[in-house]
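In: Sequence isn't available, so here's the structure alone:
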């Protein structure tokens, strides 16, 4: 028999669990920080450089890198081109401006281990395999497109028709890449050994290309009366990683001057928000008063957030956001979109889902 005392204890335990989210804090990356790195690339910093890399609840790392590629001539017909695949990290490329191509897919001829102690492997790619690309897709990319490359899929930049700026999001479950900037005492440099034996030309899996038109179609669908304001564009399983990755959009049509007093945190997923258009605020951080687990059968839990906990904000930051800014909300950090100063406000939401709680689309 389950007595009243036992029931009260059970409710108390659930309440304590809801009040104790995983440790962590949000990370705000203003557009100016990204542009500072892009300008440094134009002045000689090697292309594809870190802006910020953070730890998510001590479970995995998420990195924000940027590329600033000058216009480049097309390769001569049938001339060999090189590429690589990563063993441990997945990447999402968002094209901020410009246009060109990206070589992706196919396989590597004569695959060879990259220098395990070189800059690329240590700071940008993690352990990788390089070679001559064969049977790849010369994928056209333009401003507003998204390209997702799981571990094991060969790729390399192609021909850029214009100066092309890209935000590169790295999902790093094994934490093979360093935090940037380094936190506390940096770990000592450890010499990595090259892999022994014959290397595969590729690993199972393929890339995912999401054109700007598909993103804009989803943004437009949110304007339908009764539609939820946060919709999935695509949600995929990352080959060779056992993570799920979602690309969502938030769309606000009208300005609003009221900051919400309540929000939520997720118990399973981390999110990265990239502001594509408009401006406003985001309520984030602090803790929740009177936290309550969300209804597991609600649309938001099943389709958008995964298991989450809601309550009134305590000590949250009202963070100003504008086009080009990035905001990272780790697992367990309370948050919700705030005011809308300039509308429409369009946000690309990237959900990192280690336990695959979000549905595929």
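Out: Nice, thanks for sending it over. Bear in mind the structure is a predicted one, so any value in this text is a computation, not a measurement.
In: what's the model's confidence in stretch 53-73, averaged?
Out: Averaged across stretch 53-73, pLDDT comes to 96.
In: actually stretch 84-97, sorry about that
Out: Computed over stretch 84-97, the average pLDDT equals 98.
In: Now do it: distance to the chain's middle.
Out: Distance of stretch 84-97 from its chain centroid, counting by Cα atoms, centre = their mean, to the nearest Å, is 10 Å.
In: And residue 142, how far from residue 96?
Out: For residue 142, the distance to residue 96 equals 11 Å [Cβ to Cβ, to the nearest Å]. In this view, the C-beta of every residue, glycine as well, is placed from N, C-alpha and C.
In: Which of the two has more residues huddled nearby?
Out: The residue with more neighbours, out of residue 142 and residue 96, is residue 96; 22 against 16, by other Cβ atoms under 10 Å.
In: Please name the residues that touch the more buried one.
Out: Going by Cβ atoms under 8 Å, 6 or more residues apart in numbering, residue 96 touches 143, 165, 166, 167, 324.
In: ok, now with 10 Å
Out: Listed by Cβ atoms under 10 Å, 6 or more residues apart in numbering, the contact partners of residue 96 are 31, 34-35, 38, 66-68, 143-144, 164-167, 274, 276, 323-324.
In: Tell me the buried residues within those residues.
Out: Taking 16 or more other Cβ atoms under 10 Å as the criterion, what is buried in those is 34-35, 38, 66-68, 144, 164-167, 274, 276, 323-324.
In: Please narrow those residues to those residing in strands.
Out: In strands, defined here by DSSP state E, the members of the buried ones among the contacts of residue 96 are 66, 67, 68, 164, 165, 166, 167, 274, 276.
In: which non-adjacent residue is nearest the last one?
Out: I take that to be residue 276. residue 346 (4.4 Å; Cβ to Cβ, 6 or more residues apart in numbering).
In: Show me the helices in the stretch 1-150 of the chain, by range?
Out: Along the stretch 1-150 of the chain, counting by DSSP state H, counting those that start in this stretch, helices occupy 4-19, 31-42, 119.
In: Least reliable of those helices by average pLDDT, please.
Out: Lowest mean pLDDT within the helices of the stretch 1-150 of the chain: helix 4-19, at a mean of 39.
In: coming back round to it: in the host helix or strand of the residue nearest to residue 276, what counts as buried?
Out: Here residue 346, judged by DSSP states H and E, is contained in strand 335-353. Neighbour-count burial for strand 335-353 flags 335-341, 343-353 (criterion: 16+ other Cβ under 10 Å).
In: ok, now stretch 287-301?
Out: The neighbour-count check on stretch 287-301 (16+ other Cβ under 10 Å) flags 287, 288, 291, 293, 294, 301 as buried.
In: Stretch 259-278 too?
Out: Result for stretch 259-278 [16+ other Cβ under 10 Å]: buried residues 259-260, 263-278.
In: Might you report the residue contacts of residue 70?
Out: 41, 42, 47, 98, 160, 162, 163, 164.
In: Nearest residue to the fourth one in space, please, no chain neighbours.
Out: It refers to residue 98. Sequence neighbours aside, residue 164 is the residue nearest to residue 98 in space, at 3.0 Å (criterion: Cβ to Cβ, 6+ apart).
In: Please tell me I have it right and the one you found contacts residue 66.
Out: No - with contacts counted by Cβ atoms under 10 Å, residue 164 stays clear of residue 66, the gap being 11.1 Å.
In: Can you get me a residue count around residue 357?
Out: Using other Cβ under 10 Å: residue 357 sits among 17 other residues.
In: So it versus residue 302, what's the distance?
Out: Counting by Cβ to Cβ, the gap from residue 357 to residue 302 is 9 Å.
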